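here is the input, now give the coordinates:
(2 chains, ligands or ions: 2)
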Number of protein chains: 2
Amino acid sequence: HPHYRAPRGSQLHALSWQTEAPLRMLLNNLDAEVAEDPDRLVVYGGTGQAARNREALEKIIDCLLQLRDDQSLLVQSGKPVGIMPTHPEAPRVLIANSNLVPAWASWEHFENLKARGLMMYGQMTAGSWIYIGTQGIVQGTYETFAACGRQHFGGSLHKKLVVSGGLGGMGGAQPLAATIAGGTFLGVDIDPSRIQKRIDTRYCDRMTYEYEEAKRWALDARDKGEAISIGLVGDIGDVLERLLQDGIIPDVLTDQTSAHDPVHGYVPNGLSLQEAAELRQRNPQAYKERSLKSMARHVGFMLEMQKRGAKTFDYGNNLREFARQGGEPNAFDFKGFVPEYIRPQFCEGRGPFRWAALSGDPDDIFATDQALKELFPQNEGLHRWLEAARDRIAFQGLPSRICWLGMGERQQAGLLFNEMVRDGRLKAPLVIGRDHLDCGSVASPNRETEGMLDGSDAVSDWPLLNLMSNTAGGATWVSFHHGGGVGIGYSQHAGMVVLADGSERAANCLKRVLHIDPAMGVIRHADAGYVRAKEWGERFELLV
Amino acid sequence: HPHYRAPRGSQLHALSWQTEAPLRMLLNNLDAEVAEDPDRLVVYGGTGQAARNREALEKIIDCLLQLRDDQSLLVQSGKPVGIMPTHPEAPRVLIANSNLVPAWASWEHFENLKARGLMMYGQMTAGSWIYIGTQGIVQGTYETFAACGRQHFGGSLHKKLVVSGGLGGMGGAQPLAATIAGGTFLGVDIDPSRIQKRIDTRYCDRMTYEYEEAKRWALDARDKGEAISIGLVGDIGDVLERLLQDGIIPDVLTDQTSAHDPVHGYVPNGLSLQEAAELRQRNPQAYKERSLKSMARHVGFMLEMQKRGAKTFDYGNNLREFARQGGEPNAFDFKGFVPEYIRPQFCEGRGPFRWAALSGDPDDIFATDQALKELFPQNEGLHRWLEAARDRIAFQGLPSRICWLGMGERQQAGLLFNEMVRDGRLKAPLVIGRDHLDCGSVASPNRETEGMLDGSDAVSDWPLLNLMSNTAGGATWVSFHHGGGVGIGYSQHAGMVVLADGSERAANCLKRVLHIDPAMGVIRHADAGYVRAKEWGERFELLV
Ligand SMILES: NC(=O)c1ccc[n+]([C@@H]2O[C@H](COP(=O)([O-])OP(=O)(O)OC[C@H]3O[C@@H](n4cnc5c(N)ncnc54)[C@H](O)[C@@H]3O)[C@@H](O)[C@H]2O)c1
Ligand SMILES: NC(=O)c1ccc[n+]([C@@H]2O[C@H](COP(=O)([O-])OP(=O)(O)OC[C@H]3O[C@@H](n4cnc5c(N)ncnc54)[C@H](O)[C@@H]3O)[C@@H](O)[C@H]2O)c1
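Residues are numbered from 1 along each chain as shown, chains lettered A, B, ... in the order given. Ligands and ions are numbered 1, 2, ... in the order given. Okay, the predicted model is just below:
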C-alpha cells in the first residue's frame, strides 16, 4: 500500500499555500503515524475517513495540485465533485460529509449508501483534514480536569486525589492529563495489559496489583503534592468500596470504563477477565444482567462519595443510564462532564484551538509554544499544558499543537503566528483549525448540547450559521458533517481550518475567522440564557 | 396591525443596496398583497414565516438599517442573533431556519420548540425573503406542461387536449398554465365554487355542469387549436369513464384533486358534496374506504387511457399510493411529474429563476421581459410564458417575474440585468433569486429527489455544497432550511438571492453565483448518472 505522508519544507507542490495547505493536511491525516488504518483511509473514531476511496483520494490530490486561488473545490462525502469560481478571500475547499435528510438518517440507510459507494463517514476531523493524533484526547481530558481545578479548588489539582476507572483507549489519557493538571491520580482497570501500555508510553507512572500499596502511594503523593499517577489492577467497584471502608474520599471522582457497552465492554463485579470472556460467550443475557447490577453498585459508591464531598461527574460513557437500569434510582444525581466543566468554557468562546506546522519542523511548534507563553503570561493552565505537552507527548505526522483558547485569545494567537511566518521566525506557513466539538459549531443533544438551559439541544441552525460565517469570513477550508462522535442521526457539526502564510490576505482572513468562530459559541450560549456567555457577549460587543 | 410594505424608489434607507435589498424583500414577503397572514408573519405554505415574531422582525429591520458592507447579519430561525465581520463580496445576511438534528427532526419536537419561542418554520422562500406570490405556482405548472409539450409533442401543446381533476388552491393554476403552454384544457371539479373562483380571476375561461357541453367545447377547441380552458362540475372518475366510453383519449392526463387526504380531501365517487360532508362527519372510516375504492377506480381509468396513448403522470398528490390501497395493483405504472418532466430540466441546470424590481415600478419588470426575449430569441416557451404572464398575472407586492432558465442562461440574464441597472434602463436595482426547489439545492426524497438513478435521494451533502459555494461566490443573502414543501424531517434545502445594483462588485458576484447555482444541479445529476447532465457537464466543463 502507498505510504501517505505530507510533503515537508517550504517548497510548493500546489499553486499556492492556500492549496498546498489542504493537500498536506489531507496526506497528513492518512500518515501511518497519525491514521488508525491508512489502507482503508480510516483516520480515527471507528470508520472516520479522509476520502471516500483510493480513486477519490487521487482525484482530490490532482484537483488541489491545479486549483487556483480564485477557485474552490467541492468535496461530497470524500469525493471531489466540482470546482467553482470564487475569489481569493473565499475558502479553497468546501466539504460536506455524511449528511442525510433526517427521516433517512440511520446507520442502516447510511451503510447501504456506503456499500454502494455513495457515502463516507467523516467523523469530525477525519473528513475535514485536521486530525492531529492522540494529543487531542490528552488535551481534552486535561481541559476537563483543569476546569475542575479552577472551579472547585481555586486553580489547580495540586494536593488533590483524582480517582477513575478505565485506562483503555481514551481513558488511558486520564493519568497523564490529571498529573499535568497538578493532581495525584489513581486509576483502576481490571485488565493489567491496558495499564502496562500506559506505563510503557509514560502516560502512567506506577502500576500495582495491591490495593494497600496503591492506597499508600496515592495518599502519600497527595499529601506531599506530588503529581504522579498510579494504575491499580482490579474492579473499580471493589476499589471504591474499600476506599469508602477506609474513609478515603477522593477529591475528584469520575469513570471511563467501557460502560457504554454492558456486554462487550464493562466487566461485571466478581469475575476475572477470563471468567468474563467465558460468560460473555456462553450467556450474553446473563452477562448483561450482571453488568447492569455491577454498574448500579459502582454508581452507588460514587453517589456515596459524592455525598461525602467528592466532586463527581460522568465522563460520557453512559454509566448512569445502565446503573439506573441495574437498579440505582439516583444514578443521575451527578452530572455529565459537558454541563459541569465544558459548557462554562464554551460560554467564553473557549474550545479546541489547534495548529500544525506545514514545514514539518518541530522547532516551528516549539517557537509557537514559546510565543504563546509570552502572549498570555498570566495563563497558568496554558503554561502548564504547553510545557507538559512538549516534554511528554510525541508528535505524530506534521508537528502540531492543541490548546484551548477563548474569545479574543484565538484571534491574537492567529495574528501573531501569521507575523511569525511573515518575518521568518517560522520556516513555513501554519494552518490553524479545531475539532468540530467546539463552542459554537456543533449540535449534539447527547453530548455537547445536552441539557441546554433553554432546551434548544437539538437546534442545528447554530452549526449551520457557523459554517456560513466561516465561509463568508474566509476560512481556507470549511466542512459540514453529520453523525460525528455520537453516530448517524445524533449530531450535526461544522469544521474550519484557516491558513497563516504571512500574507496580508491571510491576516485579514485570520482576523475575521478567529473572531467569528469563538463568537458563535458565545452568541449560541448567550441566546440559550447562560449568564457567563451574556457577560462575554457584552464584553466583546457580540450581541444584537 | 402594522401594514408591512417594502419602500419603493431609488432612495436608500439602509447604508447601501446590499442591505436595502434584503430589507425591502423581507418587508415585501410580509406585504398583505403577498403574504397569507401578515399578522402572524406567515407568508405561505401553511405556517411558513419570514421572521420568528414581531420583536425579532423589528430587530432584523434595525440591524439591516445599520449593517455595513463588511458585515454579515446572522438570522437563526427568524431571529437576528449576531453580526459578524466579513467583506464586501460576502453575503450580507446568513440565514438558518428550522434545522434540527435528525433524531429530533419531528413535527412534535419542532412544535414544542416553536411554542417555547425557539424556532420558526421557514418553508422555502418565506424564511429566506424571496417569495413573490402565486406567480410561482402558475409558472411551475406551466413548466411541467411545457416540458411535456417539448418532450412528447415536438414543442408545444398546440392542438392537444389536457385533462385533469381538481381546480383548488394549487390545481386552479392548471387551466391557465395549460393554455399558456398552448393546449386545450378540460378540468373536472366536484365543487362548483372552486371552478367559479377560477372563472372570476380569469384563470379559467368557461364553466359548465354538462358533460356533453364540456366535451363538445373541448374537442372543438382542440381541433381548431384554440388554447382555451373549460371547468366541468363533476366527479373526475365519472368523467374519465364517459370519455373512455366515447373513445376520447386525452393527449395529456394528470390529477390535482386533494387525494393526499382521503378523508378531508378527496370526495368519493357517487356522493354529492353535501352527502360527502355528512358521511365524513358520521363515519370517517367508511368515508375513507369509499375514497380509496374511488381512487382505485379513478386510477384504473387513467391506466386505461395511458395504455391507449395518453401521456399520464402523477402530480404529487399521492393518488397512486391510495389507489393501490384501494385495490388497484398497477397504480404505480405511471410516473410522478418530477422524474418525468422536472428532472430532465434539472439535468440542464434549469430551474426557477426569479427577480424582483426594488424600484416598485412595473416598467422595470416589463423592460427585463423585453430584454430577456431579445437575449433568447429562439426560446419559444420562454416568449410564450413572458407574454402570458404580462397579460394575465397581476403583480403582488414588488413587481417580479419568474421563469425557468438553465446553465449559462442564468448568468447571461443576470449580467444583462446588472448592465440595465448601471446604464439607467431600470430605475433601481433588482434582486435575483430562486425557490429552494431547484436543480442543485434540495434533498427531498419524497419529491425533488425521489427515485434518483443511483439511489442517492436522501444524500443532503448536495444542498450543503450549494449553500457553501453560493456563500463563497458572493450571493447577497443565503439560507439553509429543513422541512420545506414536504414537512419537518423530510427535506433539506438551500436558498440564495443576489443583488444586481449595476456595480462592478455586483457583476463579479452575479457572474460567479449564477454560474455556481445551476452548475450544482448539473453536477449533482451527473454524479447520479443522468446522461443528459453528463453531457451538460461536459459542455460547460463542470466535471472533475
Ligand atoms: N464523551 C466523551 O467525550 C468521551 C471521552 C472519552 C471517553 N468516553 C467514553 O469512555 C469510555 C472509555 O473509552 P475507551 O476508549 O477508553 O474504552 P476502552 O474499551 O478502550 O477501555 C475501557 C477500559 O475499561 C476497563 N474496564 C471494564 N470494566 C471494568 C471494571 N469493572 N473495572 C475496572 N475496569 C474496567 C477495561 O478493561 C478497559 O481497559 C467509553 O464509554 C467512551 O465512550 C467518552
Ligand atoms: N408536489 C407538488 O409540487 C404539488 C404541486 C401542486 C399540487 N400538489 C398536490 O395536488 C393536490 C391539490 O392541491 P390543492 O392545493 O389544489 O388542493 P385543494 O384541496 O385546494 O383542491 C382539491 C380540489 O379537488 C377537488 N376534488 C376532490 N375530490 C374530487 C373528485 N372525486 N372529483 C373531482 N374533484 C375532486 C376538490 O373539490 C378541490 O377543489 C394536493 O394533494 C397537493 O399536495 C402537489
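
give the helix, strand or coil label for the residue of the stretch 351-500 of chain A found nearest ligand 1.
Nearest residue of the stretch 351-500 of chain A to ligand 1 (Cβ to the nearest ligand atom) works out as A:Arg447 at 5.6 Å. Every C-beta, even on glycine, is put in place using the N, C-alpha and C of the backbone. What DSSP: H, G, I helix; E, B strand; the rest coil gives for A:Arg447 is coil.

just checking, A:Ile393 touches A:Val138?
Yes - because the distance of 6.3 Å satisfies Cβ atoms under 8 Å, A:Ile393 is recorded as touching A:Val138.

out of those two, which sits in the more crowded spot?
A:Val138 (25 against 21; other Cβ atoms under 10 Å in any protein chain shown).

any figure for the gap between that one and ligand 1?
Using Cβ to the nearest ligand atom, to the nearest Å, A:Val138 is found at 11 Å from ligand 1.

now do the SS call for A:Phe353.
Assignment for A:Phe353 (three-state DSSP): strand.

okay, A:Tyr131: pLDDT?
pLDDT, the model's per-residue confidence, is 96 for A:Tyr131.

number of residues surrounding it?
Count around A:Tyr131 with other Cβ under 10 Å applied: 32.

residues contacting it?
Listed by Cβ atoms under 8 Å, 6 or more residues apart in numbering or on different chains, the contact partners of A:Tyr131 are A:29, A:34-35, A:43-44, A:48, A:125.

ok, the closest residue to A:Ile249 other than its chain neighbours to chain B distance?
Of all residues not flanking A:Ile249 in the chain, A:Arg308 sits nearest, at 4.7 Å (Cβ to Cβ, 6 or more residues apart in numbering or on different chains). As judged by Cβ to the nearest Cβ, to the nearest Å, A:Arg308 and chain B stand 38 Å apart.

where do the strands sit along the stretch 351-500 of chain A?
A:351-357, A:400-405, A:430-434, A:442-443, A:477-482, A:492-500 (DSSP state E, counting those that start in this stretch).

and those strands as TSV, adding mean neighbour count, mean pLDDT and distance to chain B?
Output for those, formatted as TSV (neighbours: other Cβ atoms under 10 Å in any protein chain shown; pLDDT from 0 to 100; distance: least, Cβ to the nearest Cβ, whole Å):
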stretch	mean neighbour count	mean pLDDT	distance to chain B
strand A:351-357	25	97	17
strand A:400-405	25	97	18
strand A:430-434	28	98	16
strand A:442-443	28	98	5
strand A:477-482	31	98	5
strand A:492-500	30	98	6
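
for chain A, which residue gets nearest to ligand 2?
Closest point on chain A to ligand 2, by Cβ to the nearest ligand atom, is A:Val101, at 16.3 Å.

outside of the host helix or strand of A:Phe110, which residues touch it?
In this structure, A:Phe110 sits in helix A:107-115 according to DSSP states H and E. Applying Cβ under 8 Å, 6+ apart, the external contacts of helix A:107-115 come out as A:98, A:100, A:119-121, A:483, A:487-489, B:455-456, B:458-459.

let's see that helix as PDB, backbone CA atoms only.
The C-alpha trace of helix A:107-115 is given here as PDB (Å, rounded to 0.1, in the frame of the first residue of the first chain):
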ATOM      1  CA  TRP A 107     -26.900   3.800  10.300                       C
ATOM      2  CA  GLU A 108     -28.800   1.300   8.200                       C
ATOM      3  CA  HIS A 109     -29.500   3.700   5.400                       C
ATOM      4  CA  PHE A 110     -26.000   5.100   5.700                       C
ATOM      5  CA  GLU A 111     -24.300   1.700   5.400                       C
ATOM      6  CA  ASN A 112     -26.400   0.900   2.400                       C
ATOM      7  CA  LEU A 113     -25.300   4.100   0.700                       C
ATOM      8  CA  LYS A 114     -21.800   3.500   1.700                       C
ATOM      9  CA  ALA A 115     -21.800   0.000   0.400                       C
END
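
now for the residue nearest to A:Ile393 when sequence neighbours are not counted, how many residues are close by?
Counting by Cβ to Cβ, 6+ apart, A:Gln135 is the residue found nearest to A:Ile393 once chain neighbours are left out, at 5.3 Å. Neighbourhood size, A:Gln135 [other Cβ under 10 Å]: 19.

per-residue confidence for A:Gln135?
Looking at A:Gln135, the pLDDT reads 92.

is it true that it touches A:Leu398?
No - contact between A:Gln135 and A:Leu398 fails when scored by Cβ under 8 Å: they sit 11.8 Å apart.

okay, helices next: where are they in the stretch 351-500 of chain A?
Assigned helices in the stretch 351-500 of chain A, in chain order: A:362-375, A:380-392, A:409-422, A:461-473 (criterion: DSSP state H, counting those that start in this stretch).

relative to strand B:492-500, how tilted is the last one?
Angular relation of helix A:461-473 and strand B:492-500 on a 0 to 180 degree scale: 40 degrees, by axes from the mean of the first three to the mean of the last three Cα atoms, to 10 degrees.

just the CA atoms of helix A:461-473, as CSV, please.
Output in CSV follows, covering the C-alpha atoms of helix A:461-473 (Å, rounded to 0.1, in the frame of the first residue of the first chain):
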residue,chain,number,x,y,z
ASP,A,461,-29.3,26.3,13.0
TRP,A,462,-26.2,27.1,15.0
PRO,A,463,-23.6,24.9,13.4
LEU,A,464,-25.0,26.0,10.0
LEU,A,465,-24.5,29.6,10.9
ASN,A,466,-21.0,28.8,12.0
LEU,A,467,-20.4,27.1,8.6
MET,A,468,-21.8,30.1,6.7
SER,A,469,-20.0,32.8,8.6
ASN,A,470,-16.6,31.0,8.5
THR,A,471,-17.2,30.6,4.7
ALA,A,472,-18.1,34.2,4.4
GLY,A,473,-15.2,35.2,6.7
